[in-house]
Every structure is written in C-alpha cells, then in structure tokens.
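[1] Sequence plus predicted model, see below.
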Amino acid sequence: MRDQVALLAFVTVAAVLEQAYFSMQVIWARRRYKITPPNTTGPPGFDRVFRAQVNCSEYFPIFISVLWVSGIFFHQGAAALCGIFYLCARYEYFHRYTECAQGRLKPMYISATLLWILIGLSLLGLLEYFLSAYVGGSMKQHLGCLLREVCP
C-alpha cells in the first residue's frame, strides 16, 4: 500500500513545508514593516507578501484534493509530477508577487493550468473506475465500441 501513495505523500509534505515557508515570510514581513497582529495591511511591500501567502493558502485545499484523487484513480507518478511542477510555480508566484504584483501573472497561469490538468486526470481516473466497477470493462473498451459504431 505505501508504495502506491509514497510519491503523493512526498508531494503533500513538500506542499505543507512550502505553506509553512510562506507563513514565515509573513511573520518576517510583519517584523520588517512593524505590522502588529491582527492588522493585515501596511506598506505595499507588506501587503504583497501578505496577499501572496493568503492566495497560496486559498488554493492549497484544492491542490491537495486533486493531487490525491488523480494519484489514486489515474496515476500516482503523473499526479506527483504535476504536483511538483505546481509547487515550483507557486514558489515562483509567491516571490514574484512579493517583488511586484504584475510579476505574479505568469506563474499564476502556470499553476492554474496544472490545477486544471490535475482536475482532468482526477475526472478521467474516476470515470475509468466507475466504468469498470459499475458498467464493466474499461474506458478504452467503451471508446473502442463508440468509435466502431461511429466510424465505418
């Protein structure tokens, strides 16, 4: 069982560490800009660090959910690879956002694309599972039947 989820677990722990790193960046920015809790606004430099961390936190549950669903139902390796690329894109997003709000756009689009890929893999994996469990046969068999009926 462990070997079937080890890559997913590794990416999950890496994602948690990344979130902790982003949170620490907010703590350090609070000290640098002298922003005391519960205040969440201050100079533009602080605001960018704070918003970057909040934005990354907002997408974290979505990422973890589709990482595991796609890894379990589609393919662990494909999901883990997408997950690593996603974490790299979020890291880049965070640091570019802290420098300049416009800098966040390219890594934001990359990470959003990776999320959509994970969502797609999740749906394909679930479709394959439901077809085999409740209809009998695999998606490849059903697609083959459909193509034979449509194509001469």
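    Cool, got the structure.

[2] Please give the element, helix or strand, for the residue nearest the centre of the chain.
    The structure's the chain has its C-alpha centroid closest to F63; by C-alpha atoms, centre = their mean the separation is 3.2 Å. F63 belongs to helix 44-73 when assigned by DSSP states H and E.

[3] got the buried residues for that helix?
    46-53, 55-56, 59-60, 63-64, 66-73 (16 or more other C-beta atoms under 10 Å). For glycine as for every other residue, the C-beta is placed from the backbone atoms N, C-alpha and C.

[4] circling back to that earlier point, could you tell me the model confidence score at the residue nearest to the centre of the chain?
    You'll see F63 listed with a pLDDT of 98.

[5] contacting residues for it?
    With contact set as C-beta atoms under 8 Å, 6 or more residues apart in numbering, F63 has these partners: 15, 83, 86, 115, 118.

[6] Out of these, which sit inside strands?
    Using DSSP state E, no member of those falls in strands.

[7] Among the residues you listed, which one lies nearest to M139?
    Closest approach between the contacts of F63 and M139, by C-beta to C-beta: L118, at 18.2 Å.

[8] residues in contact with the closest residue to that closest one other than its chain neighbours?
    Spatially, and ignoring its direct neighbours in sequence, L118 is nearest to V66 (4.0 Å; C-beta to C-beta, 6 or more residues apart in numbering). By C-beta under 8 Å, 6+ apart, the contact list for V66 reads 115, 118-119, 121-122.

[9] can you pull out the helices in this structure?
    Using DSSP state H, the helices of the chain run over 2-33, 44-73, 76-99, 105-130, 139-150.

[10] Confidence-wise, which of those helices is weakest overall?
    helix 139-150 (a mean of 66).

[11] how far away is R31 from G42?
    As judged by C-beta to C-beta, to the nearest Å, R31 and G42 stand 12 Å apart.

[12] neighbour-wise, which of those two wins?
    Neighbour count, other C-beta atoms under 10 Å: between R31 and G42, G42 has more, with 17 against 10.

[13] So for that one, what's the nearest residue that isn't a sequence neighbour?
    Per C-beta to C-beta, 6+ apart, closest to G42 is I35, 4.3 Å.

[14] confidence score at that neighbour?
    Value for I35, per-residue pLDDT: 98.

[15] ok, it - how many residues close by?
    I35 has 19 nearby residues by other C-beta under 10 Å.

[16] quick one, what contacts it?
    29, 41-42, 46.
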